[in-house]
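> fold the stuff below for me.
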Amino acid sequence: MEHPGVARAHASIDAFNAGDMDTLRDFYADDVVWHVARGHGLSGDYTGRADLMGYFQRVREQTGGTLRLDPEVILASDKHTSMYVRVTGTRDGRSLDVTLAEALTVGPDGRWTEFWSLAEDQDAVDAFWD
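Take a look at the predicted model:
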């Protein structure tokens, strides 16, 4: 039997890929902390649901909506969700095609409270966003 967190992760990815920010917002706690690694223009910590939705909107705008997430593996428990996600997109004549290892902490209400990721090729990620 599939853990409900796996279905939740698939649903959030579907909402992200569709650009459905209203649906996507509900997956995150009010005080979520989203860590974006390294030193490119979008790097840093995004704190709170409104800040995170603003980050997602900037990602969509800067890629013309081309950034897509395709899950390769999703694991979930009551306290954590982890994924390997292939991320592809185009921006200003550049292409991105990397796999991210992502880890999320699940709050008592099932919403995600914190996010970290590790790219297989962080230099490619940085070059894409700079």
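
> what does the helix or strand Ile13 falls within contact?
Ile13 belongs to helix 4-18 when elements are defined using DSSP states H and E. Contact with helix 4-18 is made by 21, 23-24, 27, 56, 68-71, 74-78, 81, 83, 85, 106, 110, as judged by Cβ atoms under 8 Å, 6 or more residues apart in numbering. Where you see a C-beta, it was placed from the backbone N, CA and C, and this is true even at glycine.

> which residue ranges form the helices in this protein?
Along the chain, the segments classed as helices by DSSP state H run 4-18, 21-25, 49-62, 122-129.

> so which of those helices gets nearest Gly89?
Nearest to Gly89 among these is helix 122-129 (7.7 Å), distances taken as Cβ to Cβ.

> helices or strands up against that closest one?
Secondary-structure packing of helix 122-129 (3 or more Cβ pairs under 8 Å, 6 or more residues apart in numbering; DSSP states H and E): strand 80-91, strand 94-106.

> spit out the contact partners of Gly19.
Contacts of Gly19 (Cβ under 8 Å, 6+ apart): Arg60, Gly65.

> could you dump the helices of the chain to CSV with distance to Thr90, mean neighbour count and mean pLDDT?
CSV is the format used below for the helices of the chain (distance: least, Cβ to Cβ, whole Å; neighbours: other Cβ atoms under 10 Å; pLDDT from 0 to 100):
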stretch, distance to Thr90, mean neighbour count, mean pLDDT
helix 4-18, 15, 16, 97
helix 21-25, 21, 14, 96
helix 49-62, 10, 15, 96
helix 122-129, 9, 16, 95
